[in-house]
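J.: next come a sequence and a model predicted from it.
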Amino acid sequence: MHIVMKLSSRTGICLFLLLVLGIGGCVSPTSDAPPIPAETSAAAPSPQPSLTETTLEIDPALFARYQNPGDYVDMLPVDGYTRWFTVHIPLSYDPDTPMPLVFNLHGRTDTAFHQQEMTQMNAKADEAGFIVVAPQAIDNPPTWWGAVPTEVGEPDMNFFEVLLEHLQADINVDPARIYATGFSNGASMANRLACAYSDVFAAVAPVSGGHVGYYDCEALYTVSVLAIHGLNDSVIPYEGNQNNPLVHDWVEAWAERNGCNSVPTTNHPAESLTLETWGNCNGDALVALYSIADAGHTWPGSDFAIEFEGTTQAIDATDVIWEFFAAHPKTSLTPVQPSAAPTEDAETAYPTPGDYFDVISSGGFDRTFKLHIPPSYEHGSPIPLVLLFHGRGSNAFNAEQYLQFNPLADQEGFIVIYPQATGSPTTWEDLPGESESGVDDIQFVDDLLVHLSSHLSIDAKRIYAAGFSNGGGMTNHLGCDLSEKIAAIVPVAGAYYYWDECQPSRPVPVLAFHGLSDEIVPYEGTDYEEYVNLPEIPVWAAAWAERNGCAPESESESKGGVITTERWTSCDAGAGVMLYSLAMDGHNWPTTTFGGLGTDPITANDLIWEFFTTHPMPETP
């Protein structure tokens, strides 16, 4: 039996939640959270949606519904799971006249009903004349996993495909005026819908959203985008965090796709409000960003506030969003701006200093990476190259933002490469033996170095690697298995699954950082029965010292009990080993918090570059 309920009051909504779905919907949800959990231990299983099966069947007699104005709760079986949603039909609806449709998507841990109350989008629909559909996410807590462009999001993407077909069959929807908005994780989902269904959605308006994998957007056609974000957002920070990009980065990515002006027009409608508009886009599209100085993680104009975040009345997001939607129907299917494909000419593949995103083929897989070339680079004058590896669940773009190596590269004159891992969550294959996925990350790095060396003037004696967490483990692995090309390595908070099998072809200089309070990759190692275990960090460092032929006894120095530096000296080929043990640090890159316990007075980047400069590849005897 397919269930359709027409609801005329909050009592009816609560009764539906309690009796039909077995959940409470009359209590405000807990505070929202970023769309993707922070990096977890490399030994932990990948997060997966915990979906609930359903035996509901669609009753053909109920196909003709939503014919009267009002509020409905409906269910659809999709891929064997129950998916439910609300439908608001405005008072002005005429079944013979096409009407705009707006998807209104709640945040993580929230419900469709609370999203309705927070945004007051249904009241706006009655005033302006459009239909509102508020779908409900699955999992516990409710999460739009479709915001992630990987297989973990497929159930949500399939749901929206079925839902769109269902709604267009039963409601007279104007196909040129289908829109999506959402809050937080729901904003991320709205952005993902624009990428996946750019032929359907005319415009999207993400509010306080984090956009994991925004660079993987597969949009084929232009889509107008309005973003709204508070500068004081501590849940999904405006300046980004490990899981989410800088707001400007993903907005500018849409401007580039849409072929808009590269420099926005900036206005200040109010003291706390900045509006940036990227105009002259292809297909009459527009990209705009409201940045609100006094706003946290909130829906501006709403009376509902996330705990500790507060709200703002600088603008009414619901009014602004509908005004933007009404002005931007999809008048045509205009292809997005094609990305510049790399050439095979060594001098023109990366023709000028700057930032590039590129792809190569390695082991039968397309592998991507980010590249930063300093302003001082001149083709024909070889300079050093530094590989920087992100952690598990993160990506190359986030590594670029948070490691902040590009300014140092510009100052010191070296190239920075941010390779991208594979899988869901993204993971460097760092376990001993052959990967179950068939991905060979060591081969990828080797192929990447060959590719880069054929297009850029790189000093082969000064190629280095550093990385964080699972990326630190990958850095360690490179020191073991690609020591003929990597001059020195610096893992930070590294997870070293591959260590006692390590057999480098030469002594490799090693500098490492690790927090004593690291709960994700414990300083004292792990002792799991079902997983490969991690070594104690000092034991791991001592193993490198032994491989490098260093003196057996290390030299230790403590600074106020906060930083302990341990050095192994008198090593073969000058390949010293140094370990910084940080008493107050958790799982973080020193001076940059990645969700650990804090930062440290030392600056890792400066120490890393100083170490690299003093450890080029030794001369071959």
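T.: Noted; the coordinates are in hand.

J.: residue ranges in the stretch 51-200 of the chain under the pLDDT threshold?
T.: With pLDDT under 70 as the threshold, the stretch 51-200 of the chain has low-confidence stretches at 51-65.

J.: and the strands in it?
T.: With DSSP state E, counting those that start in this stretch, the ranges of strands along the stretch 51-200 of the chain come out as 70-78, 81-89, 99-105, 131-135, 173-183.

J.: residues touching the fourth one, excluding its own?
T.: In this structure, residues lying in contact with strand 131-135 by C-beta atoms under 8 Å, 6 or more residues apart in numbering are 83-90, 93, 99-106, 112-113, 115-116, 121-122, 125, 159-160, 163, 167, 171, 173. (C-beta placed from N, C-alpha, C; glycine too.)

J.: which other helices and strands does the longest helix along the chain contact?
T.: Longest helix in the chain by number of residues (criterion: DSSP state H): helix 154-170. Helix 154-170 sits against strand 70-78, strand 81-89, strand 131-135, strand 173-183, helix 185-196, with contacts defined as 3 or more C-beta pairs under 8 Å, 6 or more residues apart in numbering; DSSP states H and E.

J.: rerun that using 6 Å as the cut-off
T.: strand 70-78 (3 or more C-beta pairs under 6 Å, 6 or more residues apart in numbering; DSSP states H and E).

J.: got the angle for the strand it packs on vs helix 154-170?
T.: Put simply, strand 70-78 runs at 130 degrees to helix 154-170, going by axes from the mean of the first three to the mean of the last three C-alpha atoms, to 10 degrees.

J.: with just CA atoms, put strand 70-78 into PDB.
T.: Included here for strand 70-78 are C-alpha records, laid out as PDB according to Å, rounded to 0.1, in the frame of the first residue of the first chain:
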ATOM      1  CA  GLY A  70      -2.300  22.100   0.700                       C
ATOM      2  CA  ASP A  71       0.400  20.000   2.400                       C
ATOM      3  CA  TYR A  72       1.100  16.400   1.700                       C
ATOM      4  CA  VAL A  73       3.400  13.700   3.000                       C
ATOM      5  CA  ASP A  74       4.200  11.000   0.500                       C
ATOM      6  CA  MET A  75       6.500   8.000   0.200                       C
ATOM      7  CA  LEU A  76       8.300   6.300  -2.600                       C
ATOM      8  CA  PRO A  77      10.100   2.900  -2.600                       C
ATOM      9  CA  VAL A  78      13.400   3.500  -4.300                       C
END
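
J.: partners of that strand in the sheet?
T.: Strand pairing for strand 70-78, using DSSP bridges, gives strand 4-7 (antiparallel), strand 81-89 (antiparallel).

J.: buried sites along it?
T.: Asp71, Tyr72, Val73, Asp74, Met75, Leu76, Pro77, Val78 (16 or more other C-beta atoms under 10 Å).

J.: the bottom helix or strand of the chain by mean pLDDT?
T.: helix 10-16 (a mean of 41; mean pLDDT, DSSP states H and E).

J.: surely Thr277 meets Asn267?
T.: No. Thr277 is beyond contact range of Asn267, at 7.6 Å (criterion: C-beta atoms under 6 Å).

J.: these two: who's more crowded?
T.: Thr277 (16 against 10; other C-beta atoms under 10 Å).

J.: and the more buried one, which of the three is it?
T.: Secondary structure assignment for Thr277 (DSSP: H, G, I helix; E, B strand; the rest coil): strand.

J.: got the confidence number for it?
T.: pLDDT recorded at Thr277 is 96.

J.: now do it against Ile321, distance only.
T.: According to C-beta to C-beta, to the nearest Å, Thr277 and Ile321 sit 15 Å apart.
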